[in-house]
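here's my sequence, what's the structure:
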Amino acid sequence: MFDAKKITRENFVDRLTARDERALDYVIDSYGGMIRSIVRKRLSSLPNQWEECENDILLAVWNEIGHFDSTKNNFTGWLAAVCRYKAIDCLRRSIKYRNELPLNYEELDCSAAPQPEFGSEVREAVLDLLRELPEEDRRLFWDCYVREKPADQLARERNIKVSALYNRLSRGRKKLKQIREVKP
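This next block holds a predicted model:
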């Protein structure tokens, strides 16, 4: 399919873009340790998800290499961002799946009504996403989506209209979505 040109540090991105599978092997050999390290750090409490997340990362590298811009970032930084975001996605899937599991009758204790606790991985993932927002919006997102404060209470605390609060949340979500589209 491709010539016998050797995959090197200088040409592996071009070879990935040209869909040379040997370039993906080069990424695995050269950056596999970094990928494993990031995944294991982010998903330390979910070892059964490590391999799937690593595979998701490699698939994203293969499919999204066109978004890599060497004038804006080096490959290591871009790959680290892909690893972080894919690990966050795995955390979200895991939490969503866990929340969708049916509960046994014995597990239901309505008298205590505990507040949900976030593990350190989830908290770190949320904070990573929110770091992209200005400080005031960060606090608003945290209060609204994590602490689940009612919108009318948040609006009163900030001395703004509820409609302005919803507009601010909407703009923040759009900004985070745009950032995610730029950085896979």
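
which SS class is A164?
The three-state assignment at A164 reads helix, by DSSP: H, G, I helix; E, B strand; the rest coil.

what's the weakest-modelled helix or strand in this protein?
Across the helices and strands of the chain, mean pLDDT, DSSP states H and E gives its lowest value to helix 120-130, namely a mean of 68.

for the following helix or strand past that one, give the mean pLDDT please.
Proceeding C-terminally, helix 120-130 gives way to helix 135-141 as the next helix or strand, assigned by DSSP states H and E. The pLDDT scores in helix 135-141 average 83.

ok, now stretch 45-58?
88.

run the chain-centre distance for that stretch.
The gap between where stretch 45-58 is centred and where its chain is centred comes out at 13 Å by CA atoms, centre = their mean, to the nearest Å.

contact partners of that stretch?
Taking CB atoms under 8 Å, 6 or more residues apart in numbering as the criterion, the residues outside stretch 45-58 that touch it are 24, 27-28, 35-36, 39-40, 43, 79, 82-83, 86-87, 89-91, 94, 119, 121. The C-beta positions use only the backbone N, C-alpha and C, and glycine is treated the same way.

in that stretch, what's buried?
Buried residues in stretch 45-58, counted by 16 or more other CB atoms under 10 Å: 46, 49-50, 53-54, 56-58.

and stretch 72-89, which residues are buried?
Judged by neighbour count (16+ other CB under 10 Å), stretch 72-89 contains these buried residues: 75, 78-88.
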